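Peer 1: Pasting a predicted model and its sequence here:
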Amino acid sequence: MNTRSLSRIACGLMTLCLASSIEALAQDPRPAAQAPDPKTNTNTLGISAVKIASALEKHAKAASIQRTAEALSTELSDAFAATGKFQVVARDELARVLSEQKLAESGIIDPRDTAAAKSFQIRGVRWLVLANISDFGDIVEKAHFDTGRSAERRTVRLGGTIQIIDSTSGVLAASIPVRAELDDTVMNKEYAVRDSNNDEELYRLVAREFAKRGVADILDRVMPAKILSHPIDNIASISRGQGTNIAVGEIWDVFGLGEKLIDPDTGAVLGSQEVKLGKVRITEIQPLFSKAQILEDNGIDRGQICRLSLEKPKPAPRRAVKVEVSEDAPLPPPPAPPSDR
């Protein structure tokens, strides 16, 4: 067999293989599974629809609870976005992805299919937030006085949990119990009147408080505040800015990380030993970080963890006011004696 014949056979085999590949692609139009890009989804976050505990379905305020849950979904999205740490995924996009996961878990799709959506493993979303309402209270107390006036005190209570899941591994990163309570007092001459619009505002405000507290606790668990750079002129920068749980005047403790703590039974890393290295007082809050004055320094440096201290900030000392009276100034006249009339 000459060289020309061998070349013809090789070309025929290549043509056959190429045709087979094209036919396979035509029969399976599914796009190939793509791994998440760590540069684009490191801190992307999706918020699932807020769930209401089944025990509250027969609650006298069931409709109010539903409205509060809807408000909470929006407030959670705003609170996470306000931290500047997460890129919140659009709600309709997350709903589409979760529906694909339900289809994959139904048994209709071949579990060996590498392109099928996996539970809690969402392409393009690093963190998944699940919120649950398990407690709700809407109590109105009225009091009437002899003067003809009356007082109405209303308390709205909201309790539940917020969970955040690392979708790259399906592991629960944090589960935070949250409770928020809001009081509203109205005074009227005869009786207290409250309209439905005021109700909506009250539910929205308690949902906002719930979201604010929960997001602050989750942020401390998932992304604890850290020293951003080596302190200069006794001032340190902390990775907490506007929209987070930080305020001017607060005292924060600074910790260095030591040896990792490993569970001897499971081998899981439970965290690291923390050694307190100092404390700082927040002096200025900027959009993405805050500045703090160093109060104690035993080796504070970049990358160390900061946690809100239990120590309450001391009030600023009052300045002494010095009053000077000139000797040449006339003295004020003495007070007039009381009249006999």
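Peer 2: On my side now, so go ahead.
Peer 1: pLDDT weak spots in the chain?
Peer 2: 1-42, 90-124, 185-198, 312-341 (pLDDT under 70).
Peer 1: How is it partitioned into domains?
Peer 2: Listed domain ranges for the chain are 37-222, 225-308 (source: automatic domain parsing).
Peer 1: Give the other helices and strands that the longest helix belonging to the chain contacts.
Peer 2: If you go by DSSP state H, the chain has its longest helix at helix 196-222. Applying 3 or more C-beta pairs under 8 Å, 6 or more residues apart in numbering; DSSP states H and E, one finds that helix 196-222 contacts helix 62-82, strand 127-144, strand 150-166, strand 171-188. The way it works is simple: take the backbone N, C-alpha and C, and place the C-beta from them, glycine included.
Peer 1: Turn those into CSV, including distance to G46.
Peer 2: Listed next are the helices and strands packed on helix 196-222 as CSV, based on distance: least, C-beta to C-beta, whole Å:
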stretch, distance to G46
helix 62-82, 10
strand 127-144, 5
strand 150-166, 10
strand 171-188, 14
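Peer 1: coming back round to it: tabulate the domains of the chain (TSV), appending mean neighbour count.
Peer 2: Shown next, in TSV, are those (neighbours: other C-beta atoms under 10 Å):
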stretch	mean neighbour count
domain 37-222	16
domain 225-308	16
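Peer 1: Excluding sequence neighbours, find me the nearest residue to E311.
Peer 2: I251 (4.9 Å; C-beta to C-beta, 6 or more residues apart in numbering).
Peer 1: doesn't K279 make contact with that neighbour?
Peer 2: Yes - assessed by C-beta atoms under 8 Å, I251 is found in contact with K279 at 5.8 Å.
Peer 1: Report the set of residues contacting both of these two.
Peer 2: L295, S309, E311 (C-beta atoms under 8 Å, 6 or more residues apart in numbering).
Peer 1: So what touches the helix or strand harbouring the first one?
Peer 2: Taking DSSP states H and E as the definition, L295 sits inside strand 290-297. Contact partners of strand 290-297, identified using C-beta under 8 Å, 6+ apart, comprise 231, 234-238, 240-241, 246, 251-252, 277-284, 300.
Peer 1: Partner strands of it and their direction?
Peer 2: strand 235-238 (antiparallel), strand 269-285 (antiparallel) (DSSP bridges).
Peer 1: related to what we said a few turns ago, beta partners for the residue nearest to E311?
Peer 2: The partner residues for I251, given DSSP bridges, come to R281.
Peer 1: nearest to K61, of the shared contacts of I251 and K279?
Peer 2: S309 (38.9 Å; C-beta to C-beta).
Peer 1: so what's that closest one up against?
Peer 2: Per C-beta under 8 Å, 6+ apart, neighbours of S309: E250, I251, W252, D253, K279.
Peer 1: T161 contacts S175, doesn't it?
Peer 2: Yes - the pair T161 and S175 qualifies as a contact (C-beta under 8 Å) at a distance of 5.9 Å.
Peer 1: wait, what's in contact with the residue found closest to K226 once you drop the neighbours it is linked to in the chain?
Peer 2: Nearest residue to K226 in three dimensions, chain neighbours excluded: S239, at 5.0 Å (C-beta to C-beta, 6+ apart). Contacts for S239 (C-beta under 8 Å, 6+ apart) come out as M223, A225, K226, I227, L228, F289.
Peer 1: go on, R213?
Peer 2: V178, R179, A180.
Peer 1: ok, 7 Å please
Peer 2: R213 is in contact with V178, A180, counting by C-beta atoms under 7 Å, 6 or more residues apart in numbering.
Peer 1: Could you do I164 as well?
Peer 2: Per C-beta under 7 Å, 6+ apart, neighbours of I164: W127, V129, A173, A174, I218, V222.
Peer 1: ok, and what's touching stretch 49-62?
Peer 2: Against stretch 49-62 from outside (C-beta under 7 Å, 6+ apart): I65, A69, L72, S73, A131, N132, I133, S134, F136, D138.
Peer 1: Show me what the nearest residue to the first one once chain neighbours are set aside is bridged to.
Peer 2: Looking back up the chat, that one is I65. Distances taken as C-beta to C-beta, 6+ apart put F136 closest to I65, at 5.0 Å, once the chain neighbours are dropped. Under DSSP bridges, the beta-bridge partners of F136 are L158.
Peer 1: pretty sure F136 contacts V156?
Peer 2: No - judged on C-beta atoms under 7 Å, F136 makes no contact with V156 at a distance of 8.2 Å.
Peer 1: what separates G84 from E57, distance-wise?
Peer 2: From G84 across to E57, the span is 37 Å (C-beta to C-beta, to the nearest Å).
Peer 1: wouldn't K212 be in contact with A79 here?
Peer 2: Yes - judged on C-beta under 7 Å, K212 makes contact with A79 at a distance of 5.7 Å.
Peer 1: what about the spatially closest residue to A225 that is not a sequence neighbour, which SS state?
Peer 2: Excluding its sequence neighbours, the residue lying closest to A225 (C-beta to C-beta, 6+ apart) is C306, at 4.2 Å. Assigned by DSSP: H, G, I helix; E, B strand; the rest coil, the conformation of C306 is strand.
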